[in-house]
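S.K.: need a 3D model of the sequence below.
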Amino acid sequence: MSISATKRALTCLRWVLAGVISLAGTALLAEDSPSAAELYGTLPLARDVRLSPDGNALALIAAVQGREEFVIWHLDGRPPTNLSTGESEPRWFAWKDDSHLMAGLYYGDFGNYKNGSMSTRALAFDADGSRHVVLNFADLSRVAGLVPQFQDRMLSPLPNDPDHVLMEVGPVERPRTPDVFKVDIRTGEPERIINNRLGVFQWLADPQGVVRLGKGYVDGRARFYGRLSAESDWLRLADADGGDEDSLTPVALSAEDPAVIYWEVRRADGFSELRDYDGHVGRMGKVLAGAPGMDAHGVVIDGRLVGYRMGDGDVTYFDADWQARANSVRKVLPGYHVELVDRSVDGKRFLALATALGQASSYWLLDLRGSKPLLNPLFQNYDAIPPEQIAPVREISYAARDELEIPAYLTLPSGHAAGPMPFVVLPHGGPLARDTGQFDYMAQFFAALGYGVLQPQFRGSTGRGWTFEQAGYGQWGRKSQDDITDGTHWLIDKGYADPARIIIAGASYGGYAALMGAAREPGLYRCVVSISGVADLAHLVGEVGGTYGGLTSIPDVKDKDVPLTSISPVKHASAIQAPVLLMHGRLDFTVPVEHSEAMERALKHVDKAVEAVYFDGADHFFTREKDRIEMLRTLQSFLTRSCGAP
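M.R.: Numbers count the residues shown, from 1 in each chain. Here you go, the predicted model:
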């Protein structure tokens, strides 16, 4: 395999992909050089790429004229097939077989929810784009006119049944305990095959499509039920400690032995290991993967456990052929984590995903059908940004005030001068989430403007083990906030940040942390930016408690002796001294726009400097390109006027 040939092909194919499929962002088609907002606000070329079983086509969610669409890319050179979603947004895309695909989408539902809510639907597509069918669960409810909110959870493509798939959908009366349906992809009509009487929240099917595991909750503890076949009775297998992430997490069911289940099991040190459960003897078997100080996560493709990943490392594959092919690609792409996403049925084509710290992801096709192996680059996201303009990212850590070590990512602008510089402290959303250190359009946008960026992984962030995650429970506005403040002081103490020009910014929970940081530390930050941010915790807990799919609850937000008003930014507007920018989409069904509207009113009531900009068509994530670019333009303008921009 020639490295030089690989690089030349990548340069060629990125423009073929951008031109033929019309993937290039609309902002980048102009003759003039794009602005920073246009360059970093343009959507990535594609995501969630899957290889067809015959290896001759790719299914992907691609950026088409400024928004995401379902696209089939034919590798034989035929024009791509674009499958429009109308006004809905794509969630996932998968092959059922070479001729059919399944897809999930979401949209703002104002018909069933007075103030709007996110609802999902599932579709079946013919691969040539000639026909699609919406799966129909409208008749599940006993309440006239109401339909289930979430209808896109596919359990299995039923590989041995050309006409059906398995779906789990909860009726309106009990949305948290879904039934299982066999759905005809030709008509969209469902047949209920499991009537959920066990209180199961989540079902799991084996690679052949037999539902053999169910997970529910009883008195705050997870309970698991299993069976050996579709005709067997359900048996109670195990109970586990409750929580947002349980001590037992089912990963996959064995394709060879119906009595074997693969689990991620949390150890006493708070990290998980991958193990199998032997139903023949009724107990856990051997440890398949595990190491001190890091989580072992199973890697599942099409319902099969194919390998595992330790922490953020490379995937190790159980199959020797998979491992050999992954190693061959890694030799050509040193410094990148390479994961095999798919393999064709004949074993001759592999789809590979390459990622690296600070770099945008890229997809590659390993082709073994010719006389010698070829590694063909498919595309790289954000390829319009010159490599020299991508700021380097590195991992660091600092000690919080209680000595807990806090990991973080530090991005410094390319070619920056020595000495303290303007900085942005950028906490992530969630808060049960994390940054990965890979290309982050917001962090890179700030770096392009001349700011350093700190992304603190405060306590409660995922990916650092259960103990670290649990340390953030009940700590909204308290210890988790202290971790962000301590990171800011670390920047000053180490000489990275100019203490007079530090901005705190974030989206979703990150927006909450920005507002709360400004209220708790009024002299620390020059400016405050909240994007889709939470402002009123009493409002948040009430909203999420009434919507299926919400994970926020009072115990996660605060301890029982802490009033919500004490940790709600909207109640502390008078303490904020720095100028504030609020940006929010009016189609945000994750954090409703009322949060920013209430914060705007509270700040104006006490004569604080605030700018509020609302985007009529934007959702929580600013998914559409025009909204994302306009959001970044608004942000840059605010930084220039109010924040002492570089």
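
S.K.: which residues of the stretch 251-400 of the chain fall in strands?
M.R.: Using DSSP state E, counting those that start in this stretch, the strands of the stretch 251-400 of the chain run over 260-266, 272-278, 283-289, 296-301, 304-310, 315-317, 337-343, 349-356, 359-367, 374-380, 393-399.

S.K.: save those as CSV, and put in distance to L146 too.
M.R.: The C-beta positions use only the backbone N, C-alpha and C, and glycine is treated the same way. Compiled in CSV, the strands of the stretch 251-400 of the chain are given as follows (distance: least, CB to CB, whole Å):
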stretch, distance to L146
strand 260-266, 36
strand 272-278, 39
strand 283-289, 43
strand 296-301, 34
strand 304-310, 37
strand 315-317, 43
strand 337-343, 38
strand 349-356, 40
strand 359-367, 40
strand 374-380, 42
strand 393-399, 47
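
S.K.: of these, which is nearest F125?
M.R.: Each of those was scored for nearness to F125 using CB to CB, and the closest is strand 337-343 (17.9 Å).

S.K.: buried sites along the closest one?
M.R.: Buried positions in strand 337-343, judged by neighbour count with 16 or more other CB atoms under 10 Å: 337-340, 342-343.

S.K.: kindly report the same for stretch 84-94.
M.R.: Buried residues in stretch 84-94, defined by neighbour count with 16+ other CB under 10 Å: 85, 88-93.

S.K.: who are the contact partners of Y336?
M.R.: With contacts taken as CB atoms under 8 Å, 6 or more residues apart in numbering, Y336 has the following neighbours: 330, 354-356, 359.

S.K.: just the buried residues of those residues.
M.R.: With burial judged by 16+ other CB under 10 Å, the buried subset of the contacts of Y336 is 330, 354-356, 359.

S.K.: ok, the nearest residue to A408 once chain neighbours are set aside to W490 distance?
M.R.: For A408, ignoring the flanking residues on the chain, the nearest one in space by CB to CB, 6 or more residues apart in numbering is P456 at 4.6 Å. Separation of P456 from W490 (CB to CB, to the nearest Å): 9 Å.

S.K.: between these two, who's got more neighbours?
M.R.: Counted by other CB atoms under 10 Å, P456 and W490 do not tie: P456 has more neighbours, with 29 against 21.

S.K.: the more buried one and V425 touch, don't they?
M.R.: Yes. Contact criterion CB atoms under 8 Å: P456 and V425 qualify, at 7.1 Å.

S.K.: find residues that contact each of those two.
M.R.: Residues within reach of P456 and of V425 at once, by CB under 8 Å, 6+ apart, are 484, 487.

S.K.: just to revisit the earlier point, okay, the buried residues of strand 337-343 in a markdown table with distance to A433 and pLDDT next?
M.R.: Putting these into a markdown table (distance: CB to CB, whole Å; pLDDT from 0 to 100) gives the following:
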| residue | distance to A433 | pLDDT |
| --- | --- | --- |
| H337 | 20 | 96 |
| V338 | 24 | 97 |
| E339 | 20 | 97 |
| L340 | 26 | 98 |
| D342 | 26 | 96 |
| R343 | 30 | 97 |
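
S.K.: closest to G419 among those?
M.R.: The shortest separation between G419 and any of the buried residues of strand 337-343 is 33.9 Å, and it belongs to H337 (by CB to CB).

S.K.: ok, the spatially most central residue of the chain to G270 distance?
M.R.: The residue lying closest to the centre of the chain (CA atoms, centre = their mean) is A433, at 8.6 Å. If you measure A433 against G270 using CB to CB, the figure is 18 Å.

S.K.: please apply the same query to G419.
M.R.: Per CB to CB, G419 is found 40 Å from G270.

S.K.: more crowded one of the two?
M.R.: G270 (16 against 8).

S.K.: three-state assignment of A538?
M.R.: With DSSP: H, G, I helix; E, B strand; the rest coil as the basis, A538 sits in helix.

S.K.: list the contacts of it.
M.R.: Residues in contact with A538 (CB under 8 Å, 6+ apart) are 564-565, 568.

S.K.: 10 Å instead, please
M.R.: For A538, the contacting residues are 554, 557, 563-565, 568, 570-571, by CB atoms under 10 Å, 6 or more residues apart in numbering.

S.K.: helices of the stretch 401-550 of the chain, residue ranges please.
M.R.: Listed in chain order, the helices of the stretch 401-550 of the chain (DSSP state H, counting those that start in this stretch) span residues 441-448, 466-470, 479-493, 509-520, 537-545.

S.K.: could you export the ones you listed as JSON lines, including mean pLDDT and distance to S130?
M.R.: Listed next are those as JSON lines, based on pLDDT from 0 to 100; distance: least, CB to CB, whole Å:
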{"stretch": "helix 441-448", "mean pLDDT": "97", "distance to S130": "36"}
{"stretch": "helix 466-470", "mean pLDDT": "92", "distance to S130": "47"}
{"stretch": "helix 479-493", "mean pLDDT": "98", "distance to S130": "51"}
{"stretch": "helix 509-520", "mean pLDDT": "98", "distance to S130": "44"}
{"stretch": "helix 537-545", "mean pLDDT": "73", "distance to S130": "41"}
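
S.K.: can you check which of those gets nearest to V300?
M.R.: That would be helix 466-470 among these, by CB to CB, at 20.8 Å.

S.K.: list the buried residues of that closest one.
M.R.: Neighbour-count burial for helix 466-470 flags 466, 468-469 (criterion: 16+ other CB under 10 Å).

S.K.: what packs against that helix?
M.R.: When contacts are defined as 3 or more CB pairs under 10 Å, 6 or more residues apart in numbering; DSSP states H and E, helix 466-470 sits against strand 405-411.

S.K.: so the strand it packs on versus strand 393-399, what angle?
M.R.: Per axes from the mean of the first three to the mean of the last three CA atoms, to 10 degrees, the angle that strand 405-411 makes with strand 393-399 is 150 degrees.

S.K.: convert the C-alpha atoms of strand 405-411 to PDB, please.
M.R.: What follows is strand 405-411 as a C-alpha-only set of coordinates in PDB (Å, rounded to 0.1, in the frame of the first residue of the first chain):
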ATOM      1  CA  GLU A 405      -7.500  15.400  39.500                       C
ATOM      2  CA  ILE A 406      -9.500  17.000  36.700                       C
ATOM      3  CA  PRO A 407      -8.600  16.100  33.100                       C
ATOM      4  CA  ALA A 408      -9.000  18.700  30.400                       C
ATOM      5  CA  TYR A 409      -8.200  19.500  26.800                       C
ATOM      6  CA  LEU A 410      -6.000  22.500  26.000                       C
ATOM      7  CA  THR A 411      -6.200  24.100  22.500                       C
END
